[in-house]
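K.L.:
kindly return the folded structure for what I paste below:
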Amino acid sequence: MGTVIVVGSANTEYVLAGVERLVPGCKATCSTITVDGVGGSAVNWTHWLRSCDVEVLPFCPIGTDDEGNRIANWLKGCRANSNNLDSEEGCQQYPGTTSQSCIIVERAARTVITRRGQCVARWASQLENRLEHGISSLKGKPFFGMLGHIPSDASALETTPKILDLLSRRGAAFVYANLGRAQYRHCYHQWKDAWGKIDWLQLDLEEARTFVSECLGCDECRDAVNWSDEDHGDASRPSLATIMRWFQVVQSRVVVTLSHAGALAVARDCPGQLFFSWPQLPASKVIDPTGAGDAFAAGMVYAMLRLAPCRSQSRIERCNSCRRPSSARMDCYRRALKFGSLLGVRACEAVGGTGARVNRAELAEQFNSLESQKGAEVFPLDESMQLLHMLDQL
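P.N.:
Next up is the predicted model:
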C-alpha cells in the first residue's frame, strides 16, 4: 500500500472535558481531566493511520524536554510494530521546549490555549533536509504525503510551498493537505504555484471562510479566475454556496468539514458535482471533538489508498486519464467521505486527540462494508443552493 509521510504539529494535551456553564471569572466543574495526552496533527494522523495498519513516517516539532520525550516515546511505541520502517526514523527531537495545549470542552465546543514550543522554529528550518533523508530511507517504495499546520508560514508563505515542491519532485503518489488558519490567510494568487501540487485540501468552515474572503477581497485572485462581483454576496463572510463555487472554479479537490453538520466536497475531476456527508453523531453525544478533523483526514487518506485506481502510480492526477468512468471516481470519493466521517465520530467519542481506542479488525470490517452503508451522496452543485443555505443556518 505504501508509506504515508505526515508533516504537522505535535504537542502534549491537558484536557478538561464535560465542563458545565463556563463563565469567565466564575468557578466551573468538569467530568474528566486528562493530563498525560499527546496530540497535534502529525501525532493524531499517526494514531489513526496506524490503527488502520498503514505505514507512517512522521515529521513534527518535538523538543528535548520531558514533554518532547513523552511524544517521541509515544510515536516510537505507536510505530514499533511497523513491518518495514525503523521506529526511530522521523522521530527526531530538536533543542528547546515542546508545544503544550490546554483544551476546555464545553457542550461539544472546545477552546484551545497553546504555548508554542521553542523547538518549532528549529524544526521548520531543518524540515526540508529531514524530509529528503526520510524519503531516501524508503528506497524507492511508494509514498504519500499529508501536510498540516506550519506556524512559521503565518507571516510569509515560504515553508509550505517548499515542502509541497519537495513531495512532488520526489514522486509522492498524492498529497493531502489539512493546513492551519495562519496558512489560509494567504490568498489564492500567493498559493497558485503550489496549488496544483495538492491533490486534496481539507478545511473547516471558518478556515474556508477566512481563505475565500481573502481571495474575494483581492483583485489579483478574482482576475485569475475571472470571478465577477455579482458572483458573491458579502465578501467579508462568504456563504457556503460561494465557498463551494469558488473551489469549483479554481479546479480543486476540497473537503469542507462542518463540525456536527457533516462535510461538503467538490472535485475537479467531477465537475459540477457537490458531495455531502451528513452528520453521524448528534452533538449531544459528543464527548470531546479534539482531533476529529485529523481523524477525518486520516480516514479520507486511508480510503484513497485503498480505492484510488492509480494509487500505485506516480501521481493521482493520472486518474483523469484512466479509462474508468467518472461514476467510479465519484463512488471512490463518496466512500472516502463516509470513512472519514466514521473516524471523525470515533474521535468525538473519547477525550483528547489520541484518546480513542480502536480495534484494527473492526475498522477493516467497517471499511469493507462502506458500499452498503448510507452516509454520503452526490448532487448537482447548481441544484444544491437550498441545501447549502440550510447548512449555513446551522
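K.L.:
so for the residue lying closest to Arg107 once chain neighbours are set aside, what pLDDT did the model give?
P.N.:
With sequence-adjacent residues excluded and distances taken as C-beta to C-beta, 6 or more residues apart in numbering, Arg107 is closest to Ala283, at 7.8 Å. Backbone N, C-alpha and C define where each C-beta goes, glycine included. Listed pLDDT for Ala283 reads 75.
K.L.:
how about the contacts made by Ala283?
P.N.:
Going by C-beta atoms under 8 Å, 6 or more residues apart in numbering, Ala283 touches Arg107, Ala108, His260.
K.L.:
show me which of those residues are buried.
P.N.:
Neighbour counting over the contacts of Ala283 (16 or more other C-beta atoms under 10 Å) leaves Ala108, His260 as the buried ones.
K.L.:
if we can go back for a sec, distance-wise, check the residue nearest to Arg107 relative to Leu387.
P.N.:
19 Å (C-beta to C-beta, to the nearest Å).
K.L.:
which stretches in the stretch 51-200 of the chain count as helices?
P.N.:
Assigned by DSSP state H, counting those that start in this stretch, the stretch 51-200 of the chain shows helices spanning 66-78, 119-137, 159-169, 181-184, 188-195.
K.L.:
dump those helices to JSON lines, plus distance to Cys60.
P.N.:
What follows is those, written out as JSON lines (distance: least, C-beta to C-beta, whole Å):
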{"stretch": "helix 66-78", "distance to Cys60": "8"}
{"stretch": "helix 119-137", "distance to Cys60": "7"}
{"stretch": "helix 159-169", "distance to Cys60": "13"}
{"stretch": "helix 181-184", "distance to Cys60": "16"}
{"stretch": "helix 188-195", "distance to Cys60": "21"}
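K.L.:
so for Gly25, which of those sits nearest?
P.N.:
helix 181-184 (27.7 Å; C-beta to C-beta).
K.L.:
list the helices and strands that closest one packs on?
P.N.:
The contact analysis (3 or more C-beta pairs under 8 Å, 6 or more residues apart in numbering; DSSP states H and E) places helix 181-184 against helix 205-216.
K.L.:
could you rerun that using 10 Å?
P.N.:
On a contact count with 3 or more C-beta pairs under 10 Å, 6 or more residues apart in numbering; DSSP states H and E, helix 181-184 meets helix 159-169, strand 200-204, helix 205-216.
K.L.:
now, of these, which is deepest in the fold?
P.N.:
Among the helices and strands packed on helix 181-184, strand 200-204 has the highest mean neighbour count (mean count of other C-beta atoms under 10 Å), at a mean of 24.
K.L.:
can you tell me the centre-most residue of this protein?
P.N.:
Asn178 (3.4 Å; C-alpha atoms, centre = their mean).
K.L.:
so who does that one touch?
P.N.:
Residues near Asn178 by C-beta atoms under 10 Å, 6 or more residues apart in numbering: 8, 41, 45, 146-149, 200-204, 207, 255, 257, 293-294, 296-298, 300-301.
K.L.:
of the residues you listed, select the buried ones using a PyMOL command.
P.N.:
In PyMOL, this line selects whichever of these come out buried by 16+ other C-beta under 10 Å:
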select buried, resi 8+41+45+146+147+148+149+200+201+202+203+204+207+255+257+293+294+296+297+298+300+301
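K.L.:
ok, Gln93 - how many residues close by?
P.N.:
For Gln93, the neighbour count with other C-beta atoms under 10 Å is 17.
K.L.:
re the thing from before, among the contacts of Asn178, which lie within strands?
P.N.:
Counting by DSSP state E, those place Met146, Leu147, Trp200, Leu201, Gln202, Leu203, Asp204, Val255, Thr257 in strands.
K.L.:
pairing partners for the second one in the sheet, please.
P.N.:
By that I understand Leu147. Val7, Ala177 (DSSP bridges).
K.L.:
using CSV, list the CA coordinates for stretch 220-238.
P.N.:
Taking Å, rounded to 0.1, in the frame of the first residue of the first chain, the C-alpha atoms of stretch 220-238 are listed here in CSV:
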residue,chain,number,x,y,z
GLU,A,220,-5.4,39.5,-8.4
CYS,A,221,-7.3,36.5,-7.2
ARG,A,222,-10.6,37.5,-8.8
ASP,A,223,-8.9,38.3,-12.1
ALA,A,224,-7.0,34.9,-12.0
VAL,A,225,-10.3,33.0,-12.1
ASN,A,226,-12.4,35.6,-14.0
TRP,A,227,-14.7,36.0,-10.9
SER,A,228,-17.2,38.8,-11.3
ASP,A,229,-18.6,40.9,-8.5
GLU,A,230,-22.1,39.6,-8.9
ASP,A,231,-20.9,36.1,-8.2
HIS,A,232,-20.9,36.6,-4.5
GLY,A,233,-22.6,38.4,-1.7
ASP,A,234,-20.8,39.6,1.4
ALA,A,235,-17.1,39.1,0.6
SER,A,236,-16.2,39.5,4.3
ARG,A,237,-18.3,36.4,5.3
PRO,A,238,-18.9,34.4,2.2
